[in-house]
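> output the structure for:
(one chain, ligands or ions: 1)
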Amino acid sequence: MNKQLVEEAIAYISDLFKDNSDGHDLDHSLRVYRNAMKIAEKENGDLEIITMAALLHDADDHKLFNTTDNENARKFLISHGINEEKIAKICEVINAISFSKNRGKRPETIEGQIVQDADRLDALGAIGIARTFAYGGTHHRSLSSSVEHFHEKLLLLKDEMNTAEGKRIAEERHRFMEEFLKRYREETQ
Ligand code: NI
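Next comes the predicted model:
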């Protein structure tokens, strides 16, 4: 995997998110990238597709950008000489992993499965808890309504993982969240 390409992709999304969000999208994308690399060690996927899809997966997030057809992702990939066929595969992965658009659907390619798992892992464990309350705060939600979100969505994720390594890490993080919820109940009842 070309190290310079990775660094340039990170610089590209740093810039992209700097003007459009408070920076949590950059940190999220970097964590998804690291999760994806960890899972990819145990799977046989195309590392360039996995890396680029993980780093660019929110580059055209409709909540932040008014782009169509993965315009921001494509712009980076085209300007870095990635061929059309590969760009199509990378965009296919990005489009397959969106949680809201693909509820219950499993990405067809191993690259898509890996990046989807990597993205879901960032909603679990200590980071998942931190993100849930941060999001709740931004949207003026009470603590108990954020806790509801664990039950409605986050605690279901471990059974929706695609890869063995993704599932293993998800189960670990899931246990931590259950422990947190148990303590939370004890302390708030
Ligand atoms: Ni994401």
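
> find the centremost residue of the chain, please.
By C-alpha atoms, centre = their mean, the chain has its centre lying nearest to D119, at 2.4 Å.

> and the helices in this structure?
Shown for the chain, the helices assigned by DSSP state H span residues 3-18, 24-40, 47-56, 71-79, 84-97, 110-121, 125-138, 143-152, 164-188.

> residue ranges in the chain under the pLDDT threshold?
22-23, 99-104 (pLDDT under 70).

> now do 80
1, 19-24, 98-105 (pLDDT under 80).

> quick one: D27 from A126, how far?
The gap separating D27 from A126 is 14 Å, by C-beta to C-beta, to the nearest Å. C-betas here are computed from N, CA, C, even on glycine.

> more neighbours, the two?
Per other C-beta atoms under 10 Å, whichever of D27 and A126 has more neighbours is D27, with 14 against 11.

> any idea how far that one lies from E8?
According to C-beta to C-beta, D27 stands 18 Å off from E8.

> again with S79
For S79 relative to E8 (C-beta to C-beta), the value is 9 Å.

> about what we covered before: please identify the most buried of the helices of the chain.
Ranked by mean neighbour count, these are led by helix 110-121 with a mean of 26 (mean count of other C-beta atoms under 10 Å).

> what's that helix packed up against?
helix 24-40, helix 47-56, helix 84-97, helix 164-188 (3 or more C-beta pairs under 8 Å, 6 or more residues apart in numbering; DSSP states H and E).

> compare those and give me the one nearest Q113.
helix 164-188 (7.8 Å; C-beta to C-beta).

> ok now the closest one, how far from the chain's centre?
Computed by C-alpha atoms, centre = their mean, to the nearest Å, the chain-centroid distance of helix 164-188 equals 19 Å.

> that one to helix 125-138, inter-axis angle?
Using axes from the mean of the first three to the mean of the last three C-alpha atoms, to 10 degrees, the inter-axis angle of helix 164-188 relative to helix 125-138 is 60 degrees.

> endpoint to endpoint, stretch 96-113 covers what distance?
Length of stretch 96-113, first residue to last, C-alpha to C-alpha, to the nearest Å: 9 Å.

> and if you look at stretch 152-166?
End-to-end distance for stretch 152-166, by C-alpha to C-alpha: 20 Å.

> list the buried residues of it.
For stretch 152-166, burial by neighbour count (16 or more other C-beta atoms under 10 Å) applies to L154, L157, K158, E160, M161, N162, T163, E165, G166.

> got these as CSV, with distance to E172 columns?
Listed next are the buried residues of stretch 152-166 as CSV, based on distance: C-beta to C-beta, whole Å:
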residue, distance to E172
L154, 14
L157, 13
K158, 9
E160, 16
M161, 12
N162, 17
T163, 14
E165, 11
G166, 11
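
> which of those lies closest to K89?
Ranked by distance to K89 (C-beta to C-beta), the buried residues of stretch 152-166 are led by N162 at 16.9 Å.

> need the contact list for that closest one.
Counting by C-beta atoms under 8 Å, 6 or more residues apart in numbering, N162 touches R106, P107, Q113, I114, Q116, D117.
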